[in-house]
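Enquirer: A predicted structure for the sequence below; I have some questions about it.
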Amino acid sequence: MILGTGRNNIKGITLIEILVVIVIISMFTLFSVFYPHKAISQTNLDIACKNICEILNRARSQAMAENITIQVIFNNDTCGIYKNANLVDKPYKLPRFIVIKEKTDGFSPVEFLPEGTAKQAGYIIIEDTSTKKTKKIILYNLTGKTAIKNNQ
């Protein structure tokens, strides 16, 4: 059976119709290849910020529970919880393309006191080098709590 095109005496699909379909399929393929990369990069930045906040909250809770001073030390691409200058658990390594762009004195290192407060307030800016997006994690010294802000 031959498909009709709706035109008199012409049967089948024309070359133009085939090319239009190929162009449409190519566009869908192109978008499906490049769009997820940006979404994954944004997700990595969000996950890294949430993990850093969880580490800071864990250190604060541990300082209150054990009634001692706990430190969180940030290096180039890692951070870890330290008790009496000893690493408590394995350090957290930042995902690929995620770097610490800037940090204040309050993050060099972060010290949580037995009352659950931070010794000094400060912030740290985390950057995704592939998309150039940044987020700021703010540490409040009176409560020892953290907040994540978009830094755009």
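Expert: Received the coordinates, thanks.

Enquirer: so the spatially most central residue of the chain is in which element?
Expert: Centroid-nearest residue in the chain: Leu45, 1.3 Å away (criterion: CA atoms, centre = their mean). In the assignment (DSSP states H and E), Leu45 maps to helix 15-66.

Enquirer: name the helices or strands packed onto the following helix or strand past that helix?
Expert: Using DSSP H and E, the helix or strand that directly follows helix 15-66 along the chain is strand 70-74. Judged by 3 or more CB pairs under 8 Å, 6 or more residues apart in numbering; DSSP states H and E, strand 70-74 is in contact with helix 15-66, strand 78-83, strand 110-112. For the C-beta atoms, the positions are set from N, CA and C on the backbone; glycine is no exception.

Enquirer: How far off centre is strand 70-74?
Expert: 20 Å (CA atoms, centre = their mean, to the nearest Å).

Enquirer: Sheet-wise, list the partners of that strand with their directions.
Expert: Looking at strand 70-74 with DSSP bridges, its partner strands are strand 78-83 (antiparallel), strand 110-112 (antiparallel).

Enquirer: okay, the angle between it and helix 15-66?
Expert: 150 degrees (axes from the mean of the first three to the mean of the last three CA atoms, to 10 degrees).
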